[in-house]
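> Mind looking at a prediction? Sequence and model below.
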Amino acid sequence: MLEVDDLRKSYGDVVALDGVDLSVASGDIVGLLGPNGAGKTTLVSIVAGLRWADGGTVRIDDLDVAAEPYETRRRLGLAPQDLGVYPVLSVRENLLYFGELAELGGRELAGRIDEVADALELTHLLDRPARTLSGGEKRRLHTAMAMLHRPPLLLLDEPTTGVDVATRSRLLEVVRALAADGTAVCYSTHYLPEVEALGASVAILDRGRVAARGALHDLVRAHGQCYVELSFEGEAPDLPGLEGAERSGPVLRLPTADPAADTARALAALGPAAPQLRAVEILRPSLESVFLAVTGRRYEEEVAAGVGAP
């Protein structure tokens, strides 16, 4: 349903996308994973026809987005990170308006509004002005507008930003149901647990390139190394007897197959550096350790830093 081939985009000297390849089949959920600034929003915007690429192609249902923008936009639903809700309209009026933009009308539109309102727990809010909704309720309405016309391709860009736990759980449930019904879903996020909860295949976007792509369990099996991580005040010391240890600023990481034994070995090697030790953590095979293996950096640190391009 979606084919991205060698996609490139720069903003001046900043390279946002550097030859990205990505495909999403009908019924699949692809978790587009990366920290803020990895290029996820730029990729989603180009797929949706909101920005032009500098090079490469995007095809939706075998139609070229650049050559046939109207036909391709009819086949997709987009819920961008920034809310697109009209605050002075009611929930129902927002849905009516976006349904009519998608060329729905009459009984078909009324039925679709009832369906999406039920799926996203908006039925009791249909006559409320959107400005009175909570953040989580606005996010659910925002997503409902994107899926109203049953698009074969659904693009969700950070769909759970700022929502509560209950809203996050409901949105993930709806995404799984849409995929089970045949929708191709590209789910852009920087929250690792969401990708794991969806059971999605994964595309790790790192500094404008796809660093890893595949089913979650395959990536963990191929790249999910276990580490003992020691954090120090100041630069991490070069500890004797820890072959294979990697130092990065205040952090020393030791690949391990026996975390308990290697933690004890690392602590015993501290010697005069012991007063500078601030934390010890065991990183077990997971998406976090996959990101570390393919990029050499901790995912949490990248998210906190927000480095890179849009």
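Right, received. Where do you want to start?

> drop to CA atoms for contacts and neighbour counts, all remaining ones
Will do.

> do you know how far residue 115 is from residue 246?
In this structure, residue 115 and residue 246 are 53 Å apart, going by Cα to Cα, to the nearest Å.

> same question, residue 218
25 Å.

> Repeat that for residue 288.
Taken as Cα to Cα, the span from residue 288 to residue 246 is 17 Å.

> Could you check which of these two has the larger neighbour count?
Set side by side, residue 288 and residue 246 give different neighbour counts by other Cα atoms under 10 Å, the larger being at residue 288 (19 against 15).

> For the closest residue to that one other than its chain neighbours, the count of nearby residues, please.
Residue nearest to residue 288 in three dimensions, not counting chain neighbours: residue 299, with 6.0 Å by Cα to Cα, 6 or more residues apart in numbering. Burial of residue 299 is recorded as 21 neighbouring residues (other Cα under 10 Å).

> what's the pLDDT at residue 299?
Residue 299 carries a pLDDT score of 72 in this model.

> Mind listing what's buried along stretch 121-137?
121-123, 125-126, 128-130, 133, 135-137 (16 or more other Cα atoms under 10 Å).

> On the three-state scheme, residue 217 is what?
Per DSSP: H, G, I helix; E, B strand; the rest coil, the local secondary structure of residue 217 is helix.

> how far away is it from residue 286?
Here the distance between residue 217 and residue 286 works out to 9 Å (Cα to Cα).

> which of the two has more neighbours?
The residue with more neighbours, out of residue 217 and residue 286 and counting by other Cα under 10 Å, is residue 286; that gives 21 against 17.

> okay but that one is in contact with residue 220, surely?
Yes. A contact is recorded between residue 286 and residue 220 when judged using Cα atoms under 8 Å, the distance being 5.8 Å.

> Going along the chain, name the strands of the stretch 1-150 of the chain.
Under the criterion DSSP state E, counting those that start in this stretch, the stretch 1-150 of the chain contains strands at 2-11, 14-24, 29-33, 55-60, 63-64, 76-79.

> Check these for me and report the most buried one.
Counting by mean count of other Cα atoms under 10 Å, strand 29-33 has the highest mean neighbour count of these, with a mean of 27.

> which strands and helices sit next to that one?
Identification of packing neighbours for strand 29-33 by 3 or more Cα pairs under 8 Å, 6 or more residues apart in numbering; DSSP states H and E yields strand 184-189, helix 192-198, strand 201-206.

> quick one, the first one and strand 29-33 angle?
Angle between the axes of strand 184-189 and strand 29-33 is 20 degrees (criterion: axes from the mean of the first three to the mean of the last three Cα atoms, to 10 degrees).

> Report the central residue of this structure.
Centroid check for the chain by Cα atoms, centre = their mean gives residue 189 as the closest residue, at 1.9 Å.

> Distance-wise, check that residue relative to residue 154.
Going from residue 189 to residue 154 by Cα to Cα gives 14 Å.

> Please tell me how far the closest residue to residue 204 other than its chain neighbours sits from residue 164.
In space, and not counting its chain neighbours, residue 204 is closest to residue 33: 4.8 Å by Cα to Cα, 6+ apart. When distance is defined by Cα to Cα, residue 33 is 21 Å away from residue 164.

> Then residue 275?
Separation of residue 275 from residue 164 (Cα to Cα): 40 Å.

> Same check on residue 120?
With distances defined as Cα to Cα, the gap from residue 120 to residue 164 amounts to 14 Å.

> So if I had to pick from the two, which one is more boxed in?
residue 120 (19 against 12).

> Tell me who's in contact with that one.
Residue 120 makes contact with 140-141, 144, 170-171, 174 under the criterion Cα atoms under 8 Å, 6 or more residues apart in numbering.
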